[in-house]
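have a look at this fold, sequence not included:
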């Protein structure tokens, strides 16, 4: 079967750092993607990992450990506009994504 | 920057009616997808399309659903006889290639409400 787990909700303070975890069990692995989704809007691409390690992209970094079936998204210098849901998605053998339930992040002043 | 567009943004229909949701993928992309997201739930894959045929589909994509690329730019999702449980946000996505780490770019979605 295919299963992706993320915390349902997280809260952090403006200017802080937050780490959103994702664990997965999927049939096949061709990459793990992170998307940001504001309420009522489309998911927008943030980052992807296919090899183990850390990928940095400005204020966002994503880490992958394939042996542990684990990834995290790190957001630094949080801003109010970062309040959104963060979706972990795994591409298996096929072309489609299996999405996790999403983590709703609230950034407080 | 090129983007995926979808019309309409909101569609209200009566149960049993047919609806067609429209998408214009990014112009140099070859793979097209439909996903849906029921309110408060996760994004779910429906179907992928390449070279004028379905390449993958999920269990959700039953005989009530069909997809078509009627011309060089549009990609449509048809639901033949809508049910209440079809109410959801429907997202179209496209990618340059289908394999490996190719990123999918999502449109703004069509909110379908079935009464």
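Yep, it's here. This is a predicted model, so every value here is computed, not measured.

could you use CA atoms for every contact and neighbour count after this?
Will do.

the lowest-mean-pLDDT helix or strand in chain A packs against which elements?
Every helix and strand of chain A was ranked by mean pLDDT, DSSP states H and E. The lowest is strand A:97-99, at a mean of 88. Under the contact definition 3 or more C-alpha pairs under 8 Å, 6 or more residues apart in numbering or on different chains; DSSP states H and E, strand A:97-99 sits against strand A:84-91, strand B:43-50.

highest mean neighbour count out of these?
Of all these, strand A:84-91 has the most neighbours on average by mean count of other C-alpha atoms under 10 Å in any protein chain shown, namely a mean of 25.

and for it, what's in contact with it?
Counting by C-alpha atoms under 8 Å, 6 or more residues apart in numbering or on different chains, strand A:84-91 makes contact with A:4, A:6, A:22, A:24, A:26, A:28-39, A:43, A:97-106, B:100-101, all of which sit outside it.

and if we set it to 6 Å?
A:29-38, A:97-100, A:102-105 (C-alpha atoms under 6 Å, 6 or more residues apart in numbering or on different chains).

helix/strand/coil for residue A:81?
The three-state assignment at residue A:81 reads helix, by DSSP: H, G, I helix; E, B strand; the rest coil.

who's the closest spatial neighbour of it, skipping the chain neighbours?
Closest residue in space to residue A:81, ignoring its immediate chain neighbours: residue A:107 at 8.0 Å, by C-alpha to C-alpha, 6 or more residues apart in numbering or on different chains.

hang on, isn't that neighbour packed against residue A:10?
No: using C-alpha atoms under 6 Å, residue A:107 is not in contact with residue A:10, being 8.7 Å away.

more crowded one of those two?
Relative neighbour count places residue A:107 above the other of residue A:107 and residue A:10, with 20 against 15, counting by other C-alpha atoms under 10 Å in any protein chain shown.

which ones are touching that one?
Counting by C-alpha under 6 Å, 6+ apart, residue A:107 touches A:11, A:12, A:13, A:14, A:80, A:83.

ok, 7 Å please
With contacts taken as C-alpha atoms under 7 Å, 6 or more residues apart in numbering or on different chains, residue A:107 has the following neighbours: A:11, A:12, A:13, A:14, A:79, A:80, A:82, A:83.

and the last one, what pLDDT?
Just to be clear, that refers to residue A:83. Note on residue A:83: pLDDT of 97.

nearest residue to it other than its sequence neighbours?
Leaving aside its sequence neighbours, residue A:83 sits nearest to residue A:106 (C-alpha to C-alpha, 6+ apart; 4.8 Å).

and what of the fifth one?
The shortest distance from residue A:79 to any non-neighbouring residue, by C-alpha to C-alpha, 6+ apart, is to residue A:14 (5.3 Å).

with residue B:73 instead?
By the measure of C-alpha to C-alpha, 6+ apart, the closest residue to residue B:73 outside its immediate chain neighbours is residue B:24, 5.7 Å from it.

also residue A:51?
residue A:64 (7.0 Å).

ok, now residue A:10?
Setting aside the residues directly before and after it, residue A:10 is nearest to residue A:105 in space (C-alpha to C-alpha, 6+ apart), at 4.9 Å.

how about the helix or strand hosting that neighbour: buried residues?
Following DSSP states H and E, one finds residue A:105 within strand A:103-108. Buried residues in strand A:103-108, counting neighbours by 16 or more other C-alpha atoms under 10 Å in any protein chain shown, are found at A:103, A:104, A:105, A:106, A:107.
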